[in-house]
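Peer 1: Model the structure of this input:
(one chain, ligands or ions: 1)
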Amino acid sequence: MIIFGSANALPGLDAGWERIERGDSAMDAVETAVRIIEDNLEDHTVGSSGLANVLGEVELDASIMDGTTRATGAIGALHGYAHPISVARALMTALPHVMLVGAGADAFAHEIGAEKRDLATAASRELWEARFRALAVEHPEPGKAVAATNALLTYAHAAGTVNVIAVDARGHVASAVSTSGWPWKYPGRLGDTPVIGAGNYADGRHGAAACTGFGELSIRGVTAYSVVRNMHDGTDVLEACRLAILDLAPMADPAIDNLTMSIVACSRSGEVAAVSTIPGAEYAVREEGMDRAACRPRLHVPFHSGEMANGQG
Ligand code: GLY
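Peer 2: As a prediction, the model looks like this:
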């Protein structure tokens, strides 16, 4: 058994671990862990207190995948609900669909009685507003927001998001990802989080992977699937992650400083790897023999090195 994910998943991993320790499924564990991060008001990249789009609306994306069946549910641009990960999971059984977005996602969340919440907090509103002030950008009208979006967006903010992968006592793997997406994004923008294969993929025959960082890149590279496919093709999990980052390199403009792509993954047997294009990045993990979840260093894999840095990445 193991549960692990992005470093900001740390506050949720012990609760997820307790689920698998008492015999619950990996799906239960990853949902439990992610819900805690969706409630974490200190985290402005996920759930409540997540930063808003350019119009000031918090739009949430989430997906969850059961590696045993490859069943999945994904929700995009959801407004005003506390736990997009649970809305995504509910979709798996409520309808023969795998993804709902925008008004349809909102209607579905309402119909299943999902918990409503005003997602903005005083702190998240101030962080959001401060960038308008700092750049002297006027608040745009709906339908006239392209110029303001381009003025406000910065690649340095295309990071954050929480992901969690668990392997339960039966050896079943599941993965879950949740985000408020790129702050000041154009309304309706989806990143990789709800796109199965891009930000999230679990296939119990080979392993699972989930991404954080610049979602436009991992959509184009189908990065989470690419990691699992590499394992299918015979690489170990660390090499699978490294190759998936390097596969993105031709699309990652070297002029963009600090462009982030981070991957956590595990093999079918539960061997874990975590890599990032950013030096010093960490991931969070709880496994047997640990009293509580802890962070460990990711391996640093720069986009343009073409070789693995030996690092504390
Ligand atoms: N990786 C999260 C996003 O791009 O929205």
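Peer 1: how about the helices in this protein?
Peer 2: Assignment of helices within the chain using DSSP state H yields the ranges 10-21, 26-38, 84-94, 102-111, 122-135, 146-152, 215-221, 223-232, 237-248.
Peer 1: And those: which comes nearest the ligand?
Peer 2: Judged by C-beta to the nearest ligand atom, the one of the helices of the chain that comes nearest to the ligand is helix 215-221, at 2.2 Å. Quick note: C-beta positions are derived from backbone N, CA and C, even for glycine.
Peer 1: Redo the helices of the chain as CSV? Include distance to the ligand.
Peer 2: Listed next are the helices of the chain as CSV, based on distance: least, C-beta to the nearest ligand atom, whole Å:
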stretch, distance to the ligand
helix 10-21, 17
helix 26-38, 14
helix 84-94, 12
helix 102-111, 15
helix 122-135, 16
helix 146-152, 14
helix 215-221, 2
helix 223-232, 10
helix 237-248, 13
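Peer 1: Just say which of those is most tucked in.
Peer 2: helix 26-38 (a mean of 27; mean count of other C-beta atoms under 10 Å).
Peer 1: Dump the helices of the chain into CSV; add mean pLDDT as well.
Peer 2: Below are the helices of the chain laid out as CSV (pLDDT from 0 to 100):
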stretch, mean pLDDT
helix 10-21, 98
helix 26-38, 98
helix 84-94, 98
helix 102-111, 98
helix 122-135, 98
helix 146-152, 97
helix 215-221, 96
helix 223-232, 98
helix 237-248, 97
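Peer 1: Residue of the stretch 1-150 of the chain closest to the ligand, please.
Peer 2: When scored by C-beta to the nearest ligand atom, the stretch 1-150 of the chain has residue 61 as its residue closest to the ligand, at 6.3 Å.
Peer 1: wait, what's in contact with that residue?
Peer 2: By C-beta atoms under 8 Å, 6 or more residues apart in numbering, residue 61 lies in contact with 74-78, 84, 178-181, 190-191, 193-194.
Peer 1: now swap in residue 283 and tell me
Peer 2: In this structure, residue 283 makes contact with 4-7, 262, 264, 274, 295-296, 298, judged by C-beta under 8 Å, 6+ apart.
Peer 1: Over to residue 75?
Peer 2: By C-beta under 8 Å, 6+ apart, residue 75 lies in contact with 60-63, 84, 87-88, 91, 99-101, 105, 108-109, 194.
Peer 1: how about residue 48, what does it touch?
Peer 2: Contacts for residue 48 (C-beta under 8 Å, 6+ apart) come out as 38-41, 82, 117, 119, 121.
Peer 1: Phi, psi for it please.
Peer 2: Comment: the main-chain dihedrals of residue 48 come out as phi -60, psi 140, following degrees, to the nearest 10.
Peer 1: Which positions in the stretch 51-200 of the chain make contact with the ligand?
Peer 2: Proximity of the stretch 51-200 of the chain to the ligand is confined to 158, 161, 179, 181-182, 191-193, 199 under the rule C-beta under 6 Å from any ligand atom.
Peer 1: want to throw those residues into CSV with neighbour count and pLDDT?
Peer 2: Shown next, in CSV, are those (neighbours: other C-beta atoms under 10 Å; pLDDT from 0 to 100):
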residue, neighbour count, pLDDT
158, 24, 80
161, 32, 96
179, 28, 98
181, 28, 97
182, 25, 96
191, 27, 97
192, 32, 98
193, 33, 98
199, 31, 98
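Peer 1: Tell me, how many residues neighbour residue 200?
Peer 2: A count of nearby residues for residue 200, using other C-beta atoms under 10 Å, gives 31.
Peer 1: State the pLDDT value of residue 189.
Peer 2: Note for residue 189: predicted pLDDT of 98.
Peer 1: how many other residues sit next to it?
Peer 2: Here the neighbour count serves as a burial measure; for residue 189 (other C-beta under 10 Å) it reads 19.
Peer 1: Brilliant, that's me finished.
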